[in-house]
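1. sequence and predicted model, in that order:
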Amino acid sequence: MCVLVFSLSASALAQSTQAPSAPNAPPVAASAAAQQASQEKPGSISGTIVYETGTAIAGAHVKLTRAGQSLSPEVLSGDNGQFLFTDIAPGPFQVTVTGEGFQTQSFSGVLNPGETFFVPQITMPLATVVTEVKVRPPEEVAEAQIKEQEQQRVLGVIPNFYVSYVPVGEAVPLSPKQKFELAWRSSVDPITFAGIAFIAGFEQAGDSYPQFGQGMEGYGKRYGAFYANVVTGTFLGDAIMPSLFKQDPRYFYRGTGSKKSRLLHSLGAPFICPGDNGREQLNYSYLTGSFAAGAISTLYYPTNNHSVAGVAVENALIRIGENSISSVAQEFFIRKLTPHRHNHPSSASSQQ
């Protein structure tokens, strides 16, 4: 009987010790959930951006990119060059830093759950500046300068093509083709025809060269003779001879220096000119062209019982004198009356 009681008591004791095991099953599931939550715990990413000298860069654009996410948060670096991204899900990421004038830099890493990831200091090198230099052929530059000169007109009307406001050292020498082009452009300008018409009428009113007579026939002879003289002198002195002697037929406005030096410069224009090599030299082109034009003028102007040589020299000297007077006017007065001129800094500085 005692044995039976002891057996029943042992059995009851065993049941009493095993019964509580059933309620302990839920904590196992809770542990798994806690582990999963720990693996998805967000973290943060921070770093510092500096110049190559080590100085902090403020205001740099820092962009965070993560695989599988369309949104890419972006922040600006602070005054101390630092940036910070918070509440970032763990996993691979890339930080891209951009700034005006700097080369773009990037860093890739993996953020662990709950981690504060410190990106190694990012140094921003200066961006490489690529400068494209286009070298224009000298003839093309000279052509552009000619086009500018062809816009120069005294009072916006009278041609002022043979004056360069670009200094000798910077003006590109003209090719022979361009010298002839400028001579032709000057000879056929409508204002040239109008000016010759006025002068021919003035000569007829004063009965200059009475051998030409009066009336329309006399006026036509005066007009033709004067125009022939202009064209001959222009092509010989400003195109043919300058091409042969390799000299520049233009007057180069100085605009700086004392009035005396500028006066001497302008008075000497018929005698001294720049060569195509940029050096000053005796103006063979204009001098020989003037005497040659003077000699040719005896073919259509009456000599009035003077020798042909005498008339040729007289006309040449008149042409040279007119050039000196014209150059003085160019240096001291005409510049102000010429709109659309090429305002070069060195010439624009003088407002004489």
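-> Yep, it's here. Numbers count the residues shown, from 1 in each chain.

2. what's the neighbour count on Ile191?
-> Residues lying near Ile191 (other CB atoms under 10 Å) number 13. Every residue, glycine included, has its C-beta placed from N, CA and C.

3. what does the model give Glu40 for pLDDT?
-> Glu40 is assigned a predicted lDDT (pLDDT) of 79.

4. what of the one 10 residues further on?
-> Per-residue confidence at Val50 stands at 94 (pLDDT).

5. show me what counts as buried in the longest helix that the chain contains.
-> Criterion DSSP state H: the longest helix present in the chain is helix 308-332. Under the neighbour-count criterion of 16 or more other CB atoms under 10 Å, helix 308-332 has 311-312, 315-316, 319-320, 323, 326-328, 330-331 buried.

6. what does stretch 217-231 give?
-> 218-219, 221-223, 225-231.

7. low-confidence regions, the chain specifically.
-> Low-confidence segments of the chain, defined by pLDDT under 70: 1-39, 129-138, 304-306, 340-352.

8. which parts of it belong to which domain?
-> According to automatic domain parsing, the chain is divided into the following domains: 41-124, 138-348.

9. just name the most buried of those domains.
-> Across the domains of the chain, averaging neighbours per residue (mean count of other CB atoms under 10 Å) puts domain 138-348 on top, at a mean of 17.

10. chain center to it, what's the gap?
-> How far domain 138-348 lies from its chain's middle: 33 Å, per CA atoms, centre = their mean, to the nearest Å.

11. now swap in stretch 85-100 and tell me
-> The chain centre lies 41 Å from the centre of stretch 85-100; the measure is CA atoms, centre = their mean.

12. what residues does it touch?
-> The contact list for stretch 85-100 (CB atoms under 8 Å, 6 or more residues apart in numbering) reads 39-47, 49, 57, 59-67, 73, 75, 77, 104-115, 119, 122, 124.

13. contacts for the longest helix of the chain?
-> In contact with helix 308-332 (CB under 8 Å, 6+ apart) are residues 160, 163, 229, 233, 237, 251, 253-255, 262-263, 265-267, 269-270, 286-287, 290-291, 293-295, 297-298, 301, 303, 306, 352.

14. what about the residues you listed, which are in helices?
-> 229, 233, 262-263, 265-267, 286-287, 290-291, 293-295, 297.

15. distance of Ile122 relative to Leu182?
-> Going from Ile122 to Leu182 by CB to CB, to the nearest Å gives 61 Å.

16. where do the strands sit along the chain?
-> For the chain, strands defined by DSSP state E occupy the ranges 43-51, 61-65, 74-76, 82-88, 91-98, 105-111, 116-118, 122-124, 153-154, 158-159, 163-164, 251-252, 272-274, 280-282.

17. and Ala171, which of these is closest to it?
-> strand 163-164 (5.2 Å; CB to CB).

18. pull up the pairing partners for the closest one, direction included.
-> Sheet pairing of strand 163-164 (DSSP bridges) gives strand 251-252 (parallel).

19. contacts for the partner strand, please.
-> With contacts defined as CB under 8 Å, 6+ apart, strand 251-252 is touched by 162-164, 166-168, 171, 266, 269, 274, 326-327, 330.

20. want to try a markdown table for the residues you listed, with distance to Glu203 as columns?
-> Below are the contacts of strand 251-252 laid out as a markdown table (distance: CB to CB, whole Å):
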| residue | distance to Glu203 |
| --- | --- |
| Tyr162 | 24 |
| Val163 | 27 |
| Ser164 | 32 |
| Val166 | 37 |
| Pro167 | 39 |
| Val168 | 37 |
| Ala171 | 36 |
| Ser266 | 28 |
| Ala269 | 27 |
| Pro274 | 35 |
| Ser326 | 20 |
| Ser327 | 25 |
| Gln330 | 25 |
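
21. just those residues now: which is nearest Asp189?
-> The shortest gap between Asp189 and any of the contacts of strand 251-252 belongs to Tyr162, at 11.8 Å (CB to CB).

22. next, the distance between the ends of stretch 93-111.
-> End-to-end distance for stretch 93-111: 7 Å, by CA to CA, to the nearest Å.

23. swap that for stretch 166-175, please
-> Taking CA to CA as the measure, stretch 166-175 stretches 17 Å from start to finish.

24. and if you look at stretch 236-250?
-> Length of stretch 236-250, first residue to last, CA to CA: 14 Å.

25. residues contacting that stretch, please?
-> 149, 162-164, 168, 171, 173-174, 176, 179-180, 182-183, 186, 273-277, 281, 283-286, 288-290, 292-293, 296, 319.

26. look up how far Glu322 lies from Gln178.
-> 24 Å.

27. quick one, what contacts the closest residue to Ala171 other than its chain neighbours?
-> Residue nearest to Ala171 in three dimensions, not counting chain neighbours: Ser164, with 5.2 Å by CB to CB, 6 or more residues apart in numbering. Listed by CB under 8 Å, 6+ apart, the contact partners of Ser164 are 145, 149, 171, 250-253.

28. and Leu236, how far is that from Asn315?
-> In terms of CB to CB, Leu236 sits 12 Å off from Asn315.
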